[in-house]
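Undergrad: Can you look at this prediction? I've put the sequence above it.
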Amino acid sequence: MDFGYIFSGLLVGLLVGLTGVGGGSLMTPLLVFLFDFAPKVAVGTDLLFAAITKGGGVLVHHNKHRSVEWKIVGLLALGSLPMAGLVLYLLTNILQKNDMITEIMTKTLGMALILTGLSLFIRSRMAHRSHDTAVQRATHLERFGKWQGPLTVLTGIVLGALVTLTSVGAGALGTIALLMLYPRLPTVRIVGTDLAHAIPLTTVAGLGHFFMGHVDLILLGSLLVGSLPGIYVGSLLSAKVPEKILRPFLAILLLTIGIKFMV
């Protein structure tokens, strides 16, 4: 194992614990720019990394908080998993040239990071509004009537494409989408539902990249060794670090990195 990779996992895990920002938004750019990994390897490895690290979070939300809305998870997965399969098929059989795959993944990664950075500026405001209007019981109160289900599936389709191509989007962007679709759900249920949907999506996408040869297992193991204690320590420190300072800083950082990928 490489201590540089372990330290990077520790750093990203610490920031995830402090801010709740998805690891893919931070880890993938770090692997590309600092360690010079090809975007496809950074994305593939990070997807399996996310699938493993998010598992513990779902157990907490389901067993302790009972905060996973499984009906919504099913609707999201109905769109995201087939789309993930389609994107993997295209990457394997149609977009076979390495330079073409790299170009597509790089540009899409830049776009996803820009969207994630922008979402951080509005996430707190939307979450506060959701909290103010939250009902006391678990509910699927629908904002868009008969279109609620199809729009949720469509959201899954978009997330499936973004996550499979970039490893970014399952966290921050998924949360924003759910806050817009289900504003009356308490924030803890939004987070738990988004986390539960991210696991099958990142697992399917990650395994697809693994069979394409885009996963570095030594890198994956090193990142896990560093990130797990980092997430734990970050979670403990989260109450002591001013979020109003740290979150805008991360948003600006992600916007800058996203623009760099785009150009």
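TA: All right, it came through fine.

Undergrad: Excluding chain neighbours, what is closest to Gly85?
TA: Val204 (7.0 Å; C-beta to C-beta, 6 or more residues apart in numbering). All C-beta spots, glycine's among them, are computed from the backbone N, C-alpha and C.

Undergrad: close enough to count as contact, that neighbour and Pro82?
TA: No: when contacts are counted by C-beta atoms under 8 Å, Val204 is not listed as touching Pro82 (9.7 Å).

Undergrad: pretty sure Leu95 contacts Met105?
TA: No: under the criterion of C-beta under 8 Å, Leu95 makes no contact with Met105, lying 9.5 Å away.

Undergrad: How many neighbouring residues does Leu16 have?
TA: Check again: residue 16 is Val, not Leu. 23 (other C-beta atoms under 10 Å).

Undergrad: For Leu95 and Met105, indicate the residue with more neighbours.
TA: More neighbours surround Met105 than the other of Leu95 and Met105, with 26 against 17 (other C-beta under 10 Å).

Undergrad: Next one: that one from Leu47, what distance?
TA: Going from Met105 to Leu47 by C-beta to C-beta, to the nearest Å gives 12 Å.

Undergrad: now Val153
TA: Distance from Val153 to Leu47, by C-beta to C-beta: 22 Å.

Undergrad: what helix or strand is the nearest residue to Gly17 once chain neighbours are set aside on?
TA: Distances taken as C-beta to C-beta, 6+ apart put Gly234 closest to Gly17, at 2.1 Å, once the chain neighbours are dropped. Per DSSP states H and E, Gly234 falls inside helix 217-237.

Undergrad: Just list what that helix packs against, helices and strands only.
TA: Helices and strands touching helix 217-237, by 3 or more C-beta pairs under 8 Å, 6 or more residues apart in numbering; DSSP states H and E, are helix 3-19, helix 23-33, helix 39-59.

Undergrad: ranking those helices by burial, who's on top?
TA: helix 23-33 (a mean of 25; mean count of other C-beta atoms under 10 Å).

Undergrad: avg pLDDT for it?
TA: Here helix 23-33 scores 83 as its mean pLDDT.

Undergrad: could you give the angle of the helix or strand harbouring Gly206 to helix 39-59?
TA: Element membership of Gly206 [criterion: DSSP H and E] is helix 187-211. Orientation check (axes from the mean of the first three to the mean of the last three C-alpha atoms, to 10 degrees): helix 187-211 against helix 39-59 gives 140 degrees.

Undergrad: Isn't Ser80 up against Leu154?
TA: No: between Ser80 and Leu154 there is no contact under C-beta under 8 Å: 10.3 Å.

Undergrad: So those two - more neighbours on which side?
TA: For Ser80 and Leu154, the more surrounded residue by other C-beta under 10 Å is Ser80, and the numbers stand at 29 against 16.

Undergrad: Look up the closest residue to that one, ignoring the ones flanking it.
TA: Gly160 (3.3 Å).

Undergrad: Was I right to think the one you found contacts Leu78?
TA: No: contact between Gly160 and Leu78 fails when scored by C-beta under 8 Å: they sit 10.0 Å apart.

Undergrad: Which of the two has more residues huddled nearby?
TA: Neighbour count, other C-beta under 10 Å: between Gly160 and Leu78, Gly160 has more, with 27 against 15.

Undergrad: Pull out the buried positions in the helix or strand that contains that one.
TA: According to DSSP H and E, Gly160 maps onto helix 148-166. Using 16 or more other C-beta atoms under 10 Å as the test for burial, helix 148-166 gives 148-149, 151-166.

Undergrad: Mind giving me the packing neighbours of that helix?
TA: helix 23-33, helix 39-59, helix 70-89, helix 98-133, helix 172-181, helix 187-211.

Undergrad: Counting neighbours, go ahead and name the busier of Val204 and Pro82.
TA: Val204 (23 against 15).

Undergrad: I'd like the distance between the more buried one and Gly160.
TA: 9 Å.

Undergrad: anything in contact with each of these two?
TA: Leu81, Ala84 (C-beta atoms under 8 Å, 6 or more residues apart in numbering).

Undergrad: For this protein, which element, helix or strand, carries the lowest mean pLDDT?
TA: Lowest mean confidence among the helices and strands of the chain (mean pLDDT, DSSP states H and E): helix 98-133, at a mean of 70.
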